[in-house]
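In: Next come a sequence and a model predicted from it.
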Amino acid sequence: MEIVGNGFVARGLASLASRHPRVTVLAAGVSSTQVAGKTEFDREAELVTEVLGRCRRQGAAVVFLSTASQAMYGSTDVPAAEHRPVFPESPYGKHKYALERRVMDFPVSWLVLRLSHLVGDGQRAHQLLPNLIQQIRSGTVRLRQGAHRDLIDIADLRCALDHLLEKEITGEVVNVASGRPNRVEHIVQGIEDRLGITARRLVIPGPPARTVVSTEKLCSLVPQIYSRISRDRYAESLLDRYVPCY
């Protein structure tokens, strides 16, 4: 497997590099839902086009990592399933969806994984867990009222991808998420409990933002993942494992 990128996700998938020949994983590009700049988006689009062309010439399949966040699905009343139409409103969501379509329309074998908020060791400072930890240690943490985040372990992404490729699944869009969004206030409280720090909360008013992602397709294609993401205290176990890393 060729892994394009050198960031957190690329490193998290590195142990699969010796498996799945003739597969290229695009683990590079815009990684923050807050990015809205045309320069960053254009750079990722150019990379995707370049990799697609190379894979077509080499006869390799492409795995594109997209988003299952609110940027793609918005706030949901029912679990967001991959087969339903999406209408992203944010620049980040529109950008990722446009790249999904580019991948699907290109004459290569493809697999699109829509990822919720990954958690693991070695994340960049702007990503959710290290960002919240840094704010809490500073003494003040900013929270958007009603915000939720669906946390998923980088190890569970690795497991899901490995099994999907082992089964030679292509031509599919698959959510990789826990399916259980957590209030950001609860995540902050969990971090504080583990650090032994209580930070002042600066709450930013806003409408409720809760995206429930369907994992039915994921668990159907990769039954092994169900026992991993459905266990009690899944989010708490991620905080137990990764807060000490930062």
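Out: Thanks, I have it.
In: pLDDT score for Ser32?
Out: What the model reports as pLDDT for Ser32 is 63.
In: Same question for Asp77.
Out: For Asp77, pLDDT reads 86.
In: Could you measure from it over to Arg180?
Out: Per C-beta to C-beta, to the nearest Å, Asp77 is found 16 Å from Arg180. C-beta: built from backbone N, CA, C; applies to glycine.
In: between those two, who's got more neighbours?
Out: Legend: neighbour count by other C-beta atoms under 10 Å for Asp77 and Arg180, higher for Arg180 (17 against 7).
In: hey, where'd the helices end up in this structure?
Out: For the chain, the helices defined by DSSP state H occupy 8-12, 38-58, 70-73, 91-105, 128-138, 154-166, 184-195, 216-221, 226-229, 234-242.
In: Let me know which of the ones you listed is tucked in deepest.
Out: Across those, averaging neighbours per residue (mean count of other C-beta atoms under 10 Å) puts helix 70-73 on top, at a mean of 25.
In: Now do that one: which elements does it pack against?
Out: Using 3 or more C-beta pairs under 8 Å, 6 or more residues apart in numbering; DSSP states H and E as the contact test, the elements touching helix 70-73 are helix 91-105.
In: returning to what we had before: and Ala147, which of the helices of the chain is closest to it?
Out: Closest to Ala147 of these is helix 184-195 (C-beta to C-beta; 4.5 Å).
In: Show me what that closest one is in contact with.
Out: Helix 184-195 has contacts (C-beta atoms under 8 Å, 6 or more residues apart in numbering) with 128-129, 132-133, 136-137, 141, 143-144, 147-149, 151, 198-199, 201, 235-236, 239-240, 243-244.
In: for it, what is the average pLDDT?
Out: 97.
In: what does stretch 203-216 give?
Out: On average, stretch 203-216 scores 92.
In: Likewise for stretch 158-176?
Out: Taken as a whole, stretch 158-176 carries a mean pLDDT of 98.
In: And for stretch 228-246?
Out: Stretch 228-246 shows an average pLDDT of 95 in the prediction.
In: before we move on, the earlier item: turn the helices of the chain into CSV, including distance to Leu26.
Out: Output for the helices of the chain, formatted as CSV (distance: least, C-beta to C-beta, whole Å):
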stretch, distance to Leu26
helix 8-12, 10
helix 38-58, 6
helix 70-73, 16
helix 91-105, 8
helix 128-138, 21
helix 154-166, 12
helix 184-195, 28
helix 216-221, 19
helix 226-229, 23
helix 234-242, 24
